[in-house]
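Visitor: Sequence below, structure please.
(one chain, ligands or ions: 1)
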Amino acid sequence: MPELAEVEHARRQWNVGLGAAVREVLIARPEIRVFRGTDVAALRRRLPGRVLSRSEANGKQMLFHFEPLPGKGEKTRLWLGVHLGMRGDLRVETTADFQPGKHDHLVLRQDGGRALVFEDQRHFGRILFHEGAEPPAWWTRLAPSVLSAEFTRDGLADFLQRRRRSPLKAALLMQEKFPGVGNWMADEILWRARLHPATPAGAVAADKRRLTELFQQIRWVAQTASEVISDNWTYPPTWLFLHRWEPGGFCPRRGCGAALERATIGGRTTCWCPRCQGKVES
Ligand SMILES: [Zn+2]
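Guide: Next up is the predicted model:
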């Protein structure tokens, strides 16, 4: 399941198409669930001629903006929403004779033989389309990104207090507060903040020092992971990320090196360092 860093990486794949108009929209199988609730006929009819002007991501959702047609008094904007689901991805093709593959469910052809492609083998992804003067409700209703100014330390304390009996790991996976934070990112955050994943959320809500540390690590991991993944996908060896997947593995913190532990917490396989995050605090 792509987390916010992978989504950010996918979003940037289509950046090469910024400033260029869409010439043709190819959708081979409008009946698949990727397009549920979406007016595919309108998408095919309205997008050609529009210029891709901007894109943004929040958590697991992406939004691509298309400008009104110039000089025709057209006011409405078009918005394309993309959710990658379990295995979806975005890519760009640059050969003029490119033909969509079996899993290329949406292809936006631009001039110069370029094609912006959405692929999804599992069909858990989603394509949304909106036309209007204002952005769509399915975008504006999303919880604020953990990197936005609306995500504050006080807001974090309130949220943890309301879920004070939940293990921290389970709380961090709640998408209504931490959009796009998934399993590995939550483990990375807690390891950096030196908090045991089973610690009740309320214990941190009431402790200014630990609350500040958790808040800062949420921001740092989200920001840094997005940069690293967009750069070369190479995480420094000092990230827990690189050591968590296989059985075994040792804490990469300098001077620690303890054997990592794993258990199911919050319904997900959780990895932590028993020395750095040793005690379940309450
Ligand atoms: Zn350690």
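Visitor: from here on, contacts and neighbour counts on C-alpha atoms
Guide: Noted.
Visitor: where does Thr224 land in three-state SS?
Guide: Here Thr224 takes the helix state, with states given by DSSP: H, G, I helix; E, B strand; the rest coil.
Visitor: Quick check: the gap between it and Arg50.
Guide: According to Cα to Cα, to the nearest Å, Thr224 and Arg50 sit 33 Å apart.
Visitor: So for these two, which residue has more residues nearby?
Guide: It is Arg50, of Thr224 and Arg50, that has more neighbours when counted by other Cα atoms under 10 Å, with 20 against 13.
Visitor: Now do the same contact list for the more buried one.
Guide: For Arg50, the contact set (Cα atoms under 8 Å, 6 or more residues apart in numbering) comprises Ala21, Val22, Phe66, Glu67, Pro68, Leu69.
Visitor: closest to the ion among these?
Guide: The shortest gap between the ion and any of the contacts of Arg50 belongs to Phe66, at 47.7 Å (Cα to the ion).
Visitor: can you give me phi and psi for that closest one?
Guide: Backbone torsions of Phe66, given as degrees, to the nearest 10, read phi -120, psi 130.
Visitor: hang on, it packs against Lys75?
Guide: No: using Cα atoms under 8 Å, Phe66 and Lys75 do not qualify as a contacting pair, with a distance of 11.4 Å.
Visitor: Comparing those two, which shows the higher neighbour count?
Guide: Phe66 (25 against 12).
Visitor: Enumerate the beta-bridge partners assigned to that one.
Guide: Beta bridges link Phe66 to Leu52, Leu78, judged by DSSP bridges.
Visitor: What residues does this structure have near the ion?
Guide: For the chain, the contact set with the ion under Cα under 5 Å from the ion comprises Cys251, Cys256, Cys273, Arg275, Cys276.
Visitor: mind listing the strands in the chain by residue range?
Guide: In chain order, the chain shows strands spanning 22-26, 51-58, 61-67, 77-83, 89-93, 104-110, 115-119, 126-132, 261-265, 268-272, with DSSP state E as the criterion.
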